[in-house]
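Trainee: need a structure here:
(one chain, ligands or ions: 3)
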Amino acid sequence: MATTPAPLHVLLLISFALSLLAPASCSGTIHPPPPPPPPVINRYVLAVHKDGATGLHVANVAKRTPQKPIPHLVDLNGGMVWEHCDERRYLSSTFYVPPFGDYLCSPAGKAQFRRTCSGSAAPAAPDRPGCHNNSCGILPVNPVTKHRVVAELSIDMFSILATRGSNPGRPIRFCKFYFACAPASLLRPGLPVGVHGVAGLGHTPISLQSQLASHCGFPPKFALCLTSMSSNDNTGVIFFGDGPYNMLPGVDVSSGLLYTPLTFRRRGKYFIEVRSIKINQKPVPLNASLLGNGRTRISTTTPYTILEHSIFIAVARLFTRELSDIPQAELIPPFPACYERARFSSTRLGPGVPFIEFVMQDEDTVWTIFGANSMVEARPEILCLAFIDGGSQPKDPIVIGAHQFEDNLLQFDVGRSRLGFSSSLLLRRTNCANFNFTSVASQAE
Ligand SMILES: *[C@@H]1O[C@H](CO)[C@@H](O)[C@H](O)[C@H]1NC(C)=O
Ligand SMILES: *[C@@H]1O[C@H](CO)[C@@H](O)[C@H](O)[C@H]1NC(C)=O
Ligand SMILES: *[C@@H]1O[C@H](CO)[C@@H](O)[C@H](O)[C@H]1NC(C)=O
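Mentor: Numbering: from 1, shown residues only. Ligands and ions are numbered 1, 2, ... in the order given. A predicted model of the protein is given here:
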C-alpha cells in the first residue's frame, strides 16, 4: 500500500532547514572569487515511441519514489497528466493528495470540486491512491473514447532529462508534480496496450508543458518530433524549452522554421489556420467559409488527418485526378484511394506522389506534405492516401493527425501564440529518430 507521507510543503521546509546546516566550505581562509555560475539548463527532452498497432505515440514518464518509468500516451490537447492508480501497483513514498481548498489545489482552478470516495467503486478499498474523501476532484478525459471520469488531483515526484540541445545530461527531479489519479476504467478501450496514463500538453496550468515551464522559469514553449518508425530502437522526442534541438548528423531542427499564428480554444487545445489546400500546386476547390478563423486543430491522438466531408471529397478527387494514369488498387477503408507501391518511384521523401500543401496566412507560409506523410502502407506493398472522412458536421473541419507530422518538427511557442513548423525533416537528411539519447551526464555539466 502507498502511504500518505507528511504534506509536501513540510518536507520541503525540512530539507531547506537541513541545507542551512550543511558545513560551510573554506572557513578561515580568504575566499577566492566565486566561479561563474554554470549556464542554466532549462531545456528538457522526453523520448517518445510509436505504438505500431494504433499509430499513436507513447512516452515513458519517470515518476514516484522509488522512480519508475510509466508509459503515458502523448496527448497534445490534453489538459492534464493522468494516470490510473491501482492500489496494489501505485507504490510511492512521495505520493500526496492535497485536501480540498488547500492552496496546493489552486493550479486546478475552477474545474475542481470537493471529492468524496465511498469506496463502492471497484476495487473497494478506502483511503488508497485515487480514493480519498475531501480531496480535489477533477475530470480527466480519455482522448480516444472522449470518456470522462471523476479523479483526484494528486502530487508526486517527477523526473526528466535535461539537455543543452545535443545529448541528455542528468535527470532533473521535481517534487511537486501534479497529475490526476484516475480509475483504471478510464484507460480502456482505445489507448495503446501497456499505457498507464495520458500526458496532456495543452495550454492549461497543470499540463506537462506548463508545469515544466513554470517550475523552470522559461516561457511555455515545446516541440514535437514524432518518429514514423514503430520499432523499439527508434524513438522520437519532445523538447521542452527553446532550441537548439540537435539531430544527428548535426542538424539544428529548430532553425529555419516557418511560423503561423497559434490559437487556443476549448480547454487549451491548439488550432492554426489552413486557408487553402493545393495538390501539385493546383488549388483544391473548397468552400472557403468552412476554413476561416483558425479552425484547423492539430492532434497527436488522431493517427490520420480527418477532413470535413466536402473537403475530403475534393482532396481525394484532385489527388486521384493527378494520378489518373496510374491504376488504383482495391480500396482499403477508411482511406479514399490506394495504389501498388511499385507504381511509384521511391524518393528520399517517400513514394513519389503528388505533394499536398496546406497554405497558411499567406502564400509563402506553406506546410508541404510529401509521400512519406501523405501515404500509408495499409497492407504490404499497398499505399493509401492517409486522410479520413470526418462527415459533414464535424466540430473542426480539419484535424491534422500524427501521420502527417511524423518526421516534422512542430514547435508550440505558447508564449508568443505561434506554431513553428519545419515540413519534412527528410528534406534536411535527418528524421525524428535521430536525437542522440546517449547520456553525457558524467561529463562536466
Ligand atoms: C468517505 O465518507 C463516507 C461517508 O462518511 C464513507 O462511507 C467512506 O468510507 C469514506 N471514504 C473514505 C475513502 O474514507
Ligand atoms: C459552405 O459552407 C457553409 C458553412 O458550412 C454553408 O453554410 C454553405 O452552404 C456552403 N456553401 C456551399 C456552396 O456549399
Ligand atoms: C551519441 O553521443 C555519444 C556521446 O557523445 C557519442 O559517443 C556517439 O558517437 C553518438 N552517436 C552517434 C551515432 O553519433
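
Trainee: which parts of the stretch 151-300 of the chain are helices?
Mentor: Counting by DSSP state H, counting those that start in this stretch, the segments of the stretch 151-300 of the chain that form helices are 208-216.

Trainee: from residue 393, how far out is the closest residue to residue 293 other than its chain neighbours?
Mentor: Leaving aside its chain neighbours, residue 293 sits nearest to residue 273 (7.1 Å; criterion: CB to CB, 6 or more residues apart in numbering). Bear in mind the C-beta positions are built from the backbone N, C-alpha and C, glycine included. As for residue 273, its distance to residue 393 is 20 Å (criterion: CB to CB, to the nearest Å).

Trainee: now do residue 343
Mentor: Residue 343 sits 36 Å away from residue 393, going by CB to CB.

Trainee: residue 304 now?
Mentor: With distances taken as CB to CB, residue 304 is found 19 Å from residue 393.

Trainee: okay, those two: which has more neighbours?
Mentor: Neighbour count, other CB atoms under 10 Å: between residue 304 and residue 393, residue 304 has more, with 20 against 7.

Trainee: which residues touch the more buried one?
Mentor: Counting by CB atoms under 8 Å, 6 or more residues apart in numbering, residue 304 makes contact with 55, 376, 386, 387, 388, 401, 402, 403, 404.

Trainee: just these: which are in strands?
Mentor: Using DSSP state E, the subset of the contacts of residue 304 located in strands is 376, 387, 388.

Trainee: enumerate the beta-bridge partners assigned to the second one.
Mentor: Legend: beta-bridge partners of residue 387 under DSSP bridges are residue 305.

Trainee: thought it was touching residue 336?
Mentor: Yes: contact status for residue 387 versus residue 336: in contact at 6.6 Å, counting by CB atoms under 8 Å.

Trainee: what do those two both touch?
Mentor: 312, 315, 316.

Trainee: does the second one count as helix, strand or coil?
Mentor: Taken by DSSP: H, G, I helix; E, B strand; the rest coil, the conformation at residue 315 corresponds to helix.

Trainee: can you tell me which of the ones in strands among the contacts of residue 304 has the most neighbours?
Mentor: Going by other CB under 10 Å, residue 387 tops the ones in strands among the contacts of residue 304 with 27 neighbours.

Trainee: and that residue, how far is that from ligand 1?
Mentor: Note on residue 387: its distance to ligand 1, by CB to the nearest ligand atom, to the nearest Å, is 48 Å.

Trainee: next one: the closest residue to residue 314 other than its chain neighbours from ligand 3, what distance?
Mentor: Nearest residue to residue 314 in three dimensions, chain neighbours excluded: residue 284, at 5.0 Å (CB to CB, 6+ apart). Distance, residue 284 to ligand 3, using CB to the nearest ligand atom: 41 Å.

Trainee: in the stretch 251-400 of the chain, what residue comes closest to ligand 2?
Mentor: Nearest residue of the stretch 251-400 of the chain to ligand 2: residue 287, at 3.6 Å (CB to the nearest ligand atom).

Trainee: I'd say that residue and residue 277 touch.
Mentor: No: counting by CB under 8 Å, residue 287 does not reach residue 277; the two are 11.9 Å apart.

Trainee: which one's more surrounded, these two?
Mentor: Applying other CB under 10 Å to residue 287 and residue 277 shows that residue 277 carries more neighbours, namely 22 against 11.

Trainee: pull the number of nearby residues for the closest residue to the more buried one other than its chain neighbours.
Mentor: Distances taken as CB to CB, 6+ apart place residue 284 nearest to residue 277, at 4.4 Å, with adjacent residues excluded. Residues lying near residue 284 (other CB under 10 Å) number 18.

Trainee: residue 279 - how many residues pack around it?
Mentor: Applying other CB under 10 Å, we find 23 other residues in the vicinity of residue 279.

Trainee: so it versus residue 325, what's the distance?
Mentor: To residue 325, residue 279 is 15 Å away according to CB to CB.

Trainee: what does residue 310 give?
Mentor: From residue 310 across to residue 325, the span is 26 Å (CB to CB).

Trainee: and if you look at residue 209?
Mentor: Distance, residue 209 to residue 325, using CB to CB: 46 Å.

Trainee: check residue 400 too.
Mentor: Applying CB to CB, the value for residue 400 to residue 325 is 29 Å.

Trainee: what of residue 180?
Mentor: The spacing between residue 180 and residue 325, counted by CB to CB, is 54 Å.

Trainee: residues of the chain that sit close to ligand 2?
Mentor: Proximity of the chain to ligand 2 (CB under 6 Å from any ligand atom) is limited to residues 287, 289, 290.

Trainee: count of neighbours near the second one?
Mentor: It refers to residue 289. Residue 289: 8 surrounding residues under other CB under 10 Å.
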